[in-house]
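Asks: From the sequence below, what's the structure:
(2 chains)
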Amino acid sequence: MMRALQTLVMALACLAFTGVLATSIWTISGNPTPVNLTQLLTENMGRSGVEHPVTAVLLNFRSYDTLLEIGVLVIAGIAGISMAKTASLEDPAMRTSDSLLYALQRWFVPLMLVLAGYLLWAGADRPGGAFQAGAVLAATGVLMRLGGSPMEFLRPGLMLRLGLALGFTVFLLVAVASAIGGDAFLAYPPGMTKALIVVIETVLTLSIAMVLLALFVSAPVNDAEDPEEGAPS
Amino acid sequence: MTTPLLYALAGALLCGIGLFGLLWLRHLLRKLLAFNIMGSGVFLVMVGLPQHQSGPDPVPQALVLTGIVVAIAATALAVVLIRRYYHLSGMSSLEDEPSPRGDDPE
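Replies: Next comes the predicted model:
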């Protein structure tokens, strides 16, 4: 009885929420926008250093968002790794001897690596970029891990720390360097825009893939009594 | 009533469904999934509404792209936390007693 009443109240509240949201969307859709962002963007595309508008927004006009985003990712990755009780790097339960999976992996992993590289490069003038490439790279890592490939660099240590921090560090360095140089924070020096964006996108791809992969690897929590893998027993 | 506006309204609906699931469901993983549905609704609104007004707008699209990656990372972190919680307490919900299997909605 209590539960039914609760459900009813919740359903009504959610219906009201949806109604208010839909009404406000309907009202907003009727009004003209005060600023024409699309036009503003088209006018400034020449200064952005890339040809694709979404990439231009992400890496140039609103690079603040991207900087904060990679910061959030790094924090999430660190928190996830610190939650893992043991560094369950090569969980015997996850190791497989499925020959079909091995065969599939041999076909897929190189293909996916090439695809990630292509996506990264394509971001300049068509849909693509660091996030998509990072996601594909992370998926490759997940596939390799499910197949039981040893991935030494995911063990807590220098490589993992470097991989996690690389994207954020390089991005922040570029931002601070331009600020020290007398320009605005995160303003790329003219002439170097394209090169800087490519460098930042590349390290971002690596870091995003590393964070996602680290979170995936740290998800299985083994029994606390198990000795840490790789630890001298 | 254009197609992008329909997307935005569907986003509002998804937000409502997600909120209901977040409040009503007890299992933590289901709560997480409901929360993700809510997030997808927000993304739909953010992409659909500007597109209705002035065609595809790269600015909200870039923001949503950023949001998707953050959402994935946050979801993964939440799964890690839930697993740790389950490992420590043996419970899959936030209530005091473990919810009986038959009580699960659906």
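Asks: Leaving out the residues flanking it, which one is nearest to residue A:52?
Replies: Nearest non-adjacent residue to residue A:52, counting by C-beta to C-beta, 6 or more residues apart in numbering or on different chains: residue A:125, 5.3 Å away. In short, each C-beta sits where N, CA and C put it, glycine included.
Asks: So, low pLDDT: which residues of chain B?
Replies: Within chain B, the segments meeting pLDDT under 70 span B:96-106.
Asks: how about residue B:64, secondary structure?
Replies: Secondary structure, DSSP: H, G, I helix; E, B strand; the rest coil: residue B:64 is helix.
Asks: Within the helices and strands, which one has the residue nearest to it when sequence neighbours are not counted?
Replies: Spatial nearest neighbour of residue B:64, chain neighbours left out: residue B:43 (4.8 Å); criterion: C-beta to C-beta, 6+ apart. Using DSSP states H and E, residue B:43 sits within helix B:28-54.
Asks: mind listing what the closest residue to residue B:58 other than its chain neighbours touches?
Replies: Leaving aside its chain neighbours, residue B:58 sits nearest to residue A:53 (3.6 Å; criterion: C-beta to C-beta, 6+ apart). By C-beta atoms under 8 Å, 6 or more residues apart in numbering or on different chains, the contact set of residue A:53 is A:41-42, A:45, B:58.
Asks: cool, residue A:135 as well?
Replies: A:208-209, A:212, B:69, B:72.
Asks: Starting from the helix or strand that it is a member of, tell me the next helix or strand along the chain.
Replies: Using DSSP H and E, residue A:135 sits in helix A:130-146. Heading C-terminal from helix A:130-146, the first helix or strand you meet, by DSSP H and E, is helix A:158-180.
Asks: name the helices or strands packed onto the next helix or strand after that following helix?
Replies: Toward the C-terminus, helix A:158-180 is succeeded by helix A:193-218 as the next helix or strand (DSSP H and E). Identification of packing neighbours for helix A:193-218 by 3 or more C-beta pairs under 8 Å, 6 or more residues apart in numbering or on different chains; DSSP states H and E yields helix A:63-83, helix A:99-122, helix A:130-146, helix A:158-180, helix B:58-89.
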